[in-house]
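Fold the following, please.
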Amino acid sequence: MMSEISENIRRISFEIEEAKAKYRKSDEHIDIMAVTKTVEPERVNEAIECGLSLLGENRVQEYISKKDFYDKSADVHFIGSLQTNKVKYIIDSVSMIQSVDSLKLANEIDRQAKKHNLVMNILLEVNIGEEITKGGFAPQALDENIFEISKLENVRICGLMTIPPPNCEKFLYKMQKLFIDKKAKKYDNVTMDILSMGMSGDYVEAVKYGSNIVRLGTAIFGKRNYPI
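Coordinates of the predicted model:
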């Protein structure tokens, strides 16, 4: 008998394949990220056993308390709001920081990465809905910030990430257009290969609009009671 997690992953994979067949090229790869906020390591490892190898961490302290219990095959990205004074705690154990929302944060990641003799892959978070309650670069400020961050030696911009306003496809479309525009500009030290958007409520629509990483928590693990 299949567990709830394995059934959820099978359903999600089927829906993504359906969306891909409808809207995308057959050879395009879309990663399903398991977002692990408040999820016990045992359940995270179950998702890994079901074929998911990409984890998304939201909170530094929670990640530090859980990371040693994760299956070592997992690839971990940090996706939550990140204070500059906490970069040092994750710099050597994640493969990407998706939530780079300021030049100040990019500079600190570069500084900490240099200490560890590594180059940290990053995504620039875009506030595509220009909401005052959310962080991220304003779309119109993206060019100048890509240019400045691309000069840093120990970070590499690999693409863009966003959390669009809920239930509004026009922002997914707007983000797709922005991503295509920045990819076409071919900045130095910028690959612009990843568009990370889509969560449990809109991942099928995100696939339609070009996302190649969808970040799913509730859809995989079920509803959780988040601590205040």
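
Which strands or helices does the longest helix seen in the chain pack on?
Using DSSP state H, we find that the single longest helix of the chain is helix 4-23. If you count contacts as 3 or more Cβ pairs under 8 Å, 6 or more residues apart in numbering; DSSP states H and E, helix 4-23 packs onto strand 31-35, helix 41-49, helix 203-208, helix 218-221. In this view, the C-beta of every residue, glycine as well, is placed from N, C-alpha and C.

can we see that at 6 Å?
If you count contacts as 3 or more Cβ pairs under 6 Å, 6 or more residues apart in numbering; DSSP states H and E, helix 4-23 packs onto helix 203-208.

what are the C-alpha coordinates of the helix it packs on, in PDB please?
Only the C-alpha atoms of helix 203-208 are listed here, as PDB (Å, rounded to 0.1, in the frame of the first residue of the first chain):
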ATOM      1  CA  TYR A 203       2.600  24.600  -9.800                       C
ATOM      2  CA  VAL A 204       0.700  23.400 -12.900                       C
ATOM      3  CA  GLU A 205       0.200  27.000 -14.100                       C
ATOM      4  CA  ALA A 206       3.900  27.700 -13.300                       C
ATOM      5  CA  VAL A 207       5.000  24.900 -15.500                       C
ATOM      6  CA  LYS A 208       2.800  26.400 -18.300                       C
END
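
buried set for it?
Going by neighbour count (16 or more other Cβ atoms under 10 Å), the buried part of helix 203-208 is 203, 204, 205, 206, 207, 208.

picking up where we left off before, could I have the CA atoms of the longest helix of the chain written out in PDB?
C-alpha atoms of helix 4-23 as PDB (Å, rounded to 0.1, in the frame of the first residue of the first chain):
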ATOM      1  CA  GLU A   4       0.400   9.500   1.500                       C
ATOM      2  CA  ILE A   5       3.700  11.000   0.500                       C
ATOM      3  CA  SER A   6       4.300   8.600  -2.300                       C
ATOM      4  CA  GLU A   7       0.800   8.900  -3.600                       C
ATOM      5  CA  ASN A   8       1.100  12.700  -3.500                       C
ATOM      6  CA  ILE A   9       4.400  12.600  -5.400                       C
ATOM      7  CA  ARG A  10       3.000  10.300  -8.000                       C
ATOM      8  CA  ARG A  11       0.000  12.600  -8.600                       C
ATOM      9  CA  ILE A  12       2.200  15.700  -8.700                       C
ATOM     10  CA  SER A  13       4.600  14.000 -11.200                       C
ATOM     11  CA  PHE A  14       1.600  13.000 -13.400                       C
ATOM     12  CA  GLU A  15       0.100  16.500 -13.400                       C
ATOM     13  CA  ILE A  16       3.500  18.100 -14.200                       C
ATOM     14  CA  GLU A  17       4.000  15.600 -17.100                       C
ATOM     15  CA  GLU A  18       0.500  16.500 -18.400                       C
ATOM     16  CA  ALA A  19       1.300  20.200 -18.300                       C
ATOM     17  CA  LYS A  20       4.600  19.700 -19.900                       C
ATOM     18  CA  ALA A  21       3.100  17.700 -22.700                       C
ATOM     19  CA  LYS A  22       0.600  20.500 -23.300                       C
ATOM     20  CA  TYR A  23       2.800  23.600 -23.000                       C
END
